[in-house]
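Asker: Compute the structure for the input listed below.
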Amino acid sequence: MDHGADPPFAGRQLTELNDGGGTVLKFDHLTLPVADWVRSRDWYVRRLGMRVEFETPERCTAALQDEHDFTIFVHQSTGPIQPSGIALYFQVADVDDVHRRLSAAGVSFAHPPQRVFWGYGAELADPDGYLVRLWDERTMKEKGES
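Answerer: Take a look at the predicted model:
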């Protein structure tokens, strides 16, 4: 294998390769290493309303899907979990309403919807410490711009 050779589309963006038949790239899966895949599965389902697409218990993995078909694989890691710097952003219909409802159901937030460096929204952490940021289009435009 010649590692010095340029790939077939060297110097071109994948979007330039679109032949008119649709999107070339669509980010649709993400794997999160977790300490306990069942605990994480239950948290994402109960707190965020994701659905279980499928599970592979012998691999300690669950595939969790949102209503737009984006899938997060929670996979039990054998090593330490290091969530530092990783944040998952979920767009919701109304961040203030979602925060109110989740808080009333006992979900703990790092902070309620407010102006933050990334715009406007609420923040919580999953069981492994991954940041989960909730936002909506309306308040991001109204309150999130500097």
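
Asker: so what's Ala87 bridging to?
Answerer: The partner list for Ala87 in beta bridges (DSSP bridges) reads Leu131.

Asker: pLDDT wise, what is the spatially closest residue to Ala93 that is not a sequence neighbour at?
Answerer: With CB to CB, 6 or more residues apart in numbering as the measure, Asp136 is the residue that lies nearest to Ala93, at 6.2 Å, once sequence neighbours are left out. In short, each C-beta sits where N, CA and C put it, glycine included. On pLDDT, Asp136 comes in at 93.

Asker: Counting by contacts, list what the top helix by length along the chain packs against.
Answerer: When every helix of the chain is counted residue by residue (DSSP state H), the longest turns out to be helix 37-48. Helix 37-48 makes packing contacts with strand 51-56, strand 61-65, strand 71-76 when contacts are defined by 3 or more CB pairs under 8 Å, 6 or more residues apart in numbering; DSSP states H and E.

Asker: what about 10 Å?
Answerer: With contacts defined as 3 or more CB pairs under 10 Å, 6 or more residues apart in numbering; DSSP states H and E, the packing partners of helix 37-48 are strand 29-34, strand 51-56, strand 61-65, strand 71-76, strand 87-91, helix 95-104, strand 131-135.
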